[in-house]
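J.: quick one: sequence plus predicted model below, questions after.
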Amino acid sequence: MTVDTGIRHITKPGANLFRELGFPPDEAKRLQAASRRCISHTRLLKRQLMELSVWIAEHHLKQAAAAEILMVSRPRVSGVVNKKTAKFTIDALVEMLARVGKPVKLAIS
């Protein structure tokens with residue numbers, strides 16, 4: 001059996017993906033706005049969880065030592081120190097914070 005992996009369409013940067021998927025214009029606009037809000041909130045939450053980098057700095061830890069404490073690889077610690085939020089899921093950051101005694105509390109507003 002052969003799997004067809006040919007590219008049929010490329011969405012241009014900035015285009016409304018929902019419109020290209022065939023949603024009516026008003027619905028596509030609403031979905032895109034909702035998607036952007038969700039992405040923005042996620043990015044903000046990840047930046048807040050990157051407080052882990054402050055903890056590493058306050059304890060004067062080398063990345064290798066922090067990696068051992070956090071039970072992750074040294075490159076993962078580098079991602080935290082350099083605030084590469086796109087490389088982490090929210091749950092990964094929450095788990096690392098818990099490992100250093102900084103449990104995360106959730107407040108819904």
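T.: Here it is on my side, so go on. These numbers come from a predicted model, not from an experiment. Numbering: from 1, shown residues only.
J.: residue closest to the middle of this structure?
T.: Ala86 (4.1 Å; Cα atoms, centre = their mean).
J.: which SS state does that one fall under?
T.: Using DSSP: H, G, I helix; E, B strand; the rest coil, the secondary structure recorded for Ala86 is helix.
J.: distance check, it against Val3.
T.: Distance from Ala86 to Val3, counting by Cβ to Cβ, to the nearest Å: 29 Å. (C-beta placed from N, C-alpha, C; glycine too.)
J.: how about the biggest helix by length in the chain: buried residues?
T.: Ordering each helix of the chain by length in residues (DSSP state H) puts helix 25-49 first. Burial within helix 25-49, assessed by neighbour count using 16 or more other Cβ atoms under 10 Å, is assigned to 28, 31-32, 45-46, 49.
J.: could those residues be laid out in CSV, adding distance to Ala64 and pLDDT?
T.: Formatted as CSV, the buried residues of helix 25-49 follow (distance: Cβ to Cβ, whole Å; pLDDT from 0 to 100):
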residue, distance to Ala64, pLDDT
Ala28, 48, 96
Leu31, 44, 97
Gln32, 43, 96
Leu45, 28, 93
Lys46, 24, 95
Leu49, 22, 94
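J.: give me the contacts around stretch 65-85.
T.: 43, 46-47, 50, 52-53, 56, 59, 61, 63-64, 87-88, 93, 96, 99-100 (Cβ atoms under 8 Å, 6 or more residues apart in numbering).
J.: tell me the buried residues within the residues you listed.
T.: Buried, going by 16+ other Cβ under 10 Å: 46, 50, 52-53, 56, 61, 63, 88, 93, 96, out of the contacts of stretch 65-85.
J.: among those, which are in helices?
T.: Among the buried ones among the contacts of stretch 65-85, the residues falling in helices (DSSP H) are 46, 52-53, 56, 63, 93, 96.
J.: from the residues you listed, which two are the most distant?
T.: The span of these, defined through Cβ to Cβ, is set by Lys46 and Gln63 at 19.4 Å.
J.: picking that back up, so which of the buried ones among the contacts of stretch 65-85 is the closest to Ile108?
T.: Using Cβ to Cβ, the buried ones among the contacts of stretch 65-85 come closest to Ile108 at Lys46, 17.4 Å.
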